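S.K.: take a look and give me a structure for this.
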Amino acid sequence: YIYSNSFFKLFIGFVISATSYLVLLTLPDNPNESNVLIFLFSVLLLSIGEMFISPMLFTITTRYSNPKYLAIILSLVVLPSLLFNKITGKISEYSVDIETNVLFGISFIVLFLIGLIVFIIWRFFKPKEQIYLPEETRAFLYEDQIKKG
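M.R.: Numbers count the residues shown, from 1 in each chain. Okay, the predicted model is just below:
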């Protein structure tokens, strides 16, 4: 019953995901069984952030793209995720030399900056609500308005 902008939901998702890495920063260098709840809470926050981000990416992509090229554009939405997974794999090869707190800190900063960029886009540029519909669908959906005016 409460509508909020898609970009605002993306911002909330990135901030929640960044918060999950901030929670991971509270773990000691040598975690034990007593830190399992902190880790599970962080995973919960990361999952909640993902539930905000993923559907909104597909919604924004579907709303602002031409239906003729929708399949191609939706397949391109997956590329940033694949790129981040590749970067994470390369970082994990060298993670023996890097402390985990540094990795979590970098992850927090990157996710928070992406969320800030999305917030700036939402706040200052406010994209025009434009939905591409075929003429038949538009005539069916807006036939009452056409008859009145």
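
S.K.: what does stretch 8-16 rub up against?
M.R.: With contacts defined as CB atoms under 8 Å, 6 or more residues apart in numbering, stretch 8-16 is touched by 45-46, 48-53, 56-57, 60, 111-112, 114-115, 118-119, 122. C-betas here are computed from N, CA, C, even on glycine.

S.K.: buried residues, that stretch. List them.
M.R.: Judged by neighbour count (16 or more other CB atoms under 10 Å), stretch 8-16 contains these buried residues: K9, L10, F11, I12, G13, F14, V15, I16.

S.K.: in PyMOL, select just the buried ones from the contacts of stretch 8-16.
M.R.: In PyMOL, selecting the buried portion of those, with burial taken from 16+ other CB under 10 Å, looks like this:
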select buried, resi 45+46+48+49+52+53+56+57+60+111+112+114+115+118+119+122
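
S.K.: returning to that earlier point: restricted to helices, list the buried residues of stretch 8-16.
M.R.: Counting by DSSP state H, those place K9, L10, F11, I12, G13, F14, V15, I16 in helices.

S.K.: which residue packs closest to the last one, ignoring adjacent ones?
M.R.: Looking back up the chat, that one is I16. Leaving aside its sequence neighbours, I16 sits nearest to G49 (CB to CB, 6 or more residues apart in numbering; 3.8 Å).

S.K.: can you show me the helices along the protein?
M.R.: Ranges of helices in the chain, per DSSP H, are 6-24, 36-64, 70-77, 79-93, 100-120, 135-141, 143-148.

S.K.: please save the CA atoms from stretch 37-46 in CSV.
M.R.: Output of stretch 37-46 as CSV, limited to C-alpha atoms (Å, rounded to 0.1, in the frame of the first residue of the first chain):
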residue,chain,number,x,y,z
LEU,A,37,25.1,-15.2,15.5
ILE,A,38,26.9,-12.1,14.3
PHE,A,39,27.8,-13.9,11.1
LEU,A,40,24.2,-15.1,10.6
PHE,A,41,22.9,-11.6,11.2
SER,A,42,25.3,-10.3,8.6
VAL,A,43,24.1,-12.9,6.1
LEU,A,44,20.5,-12.0,6.9
LEU,A,45,21.2,-8.4,6.2
LEU,A,46,23.0,-9.2,3.0
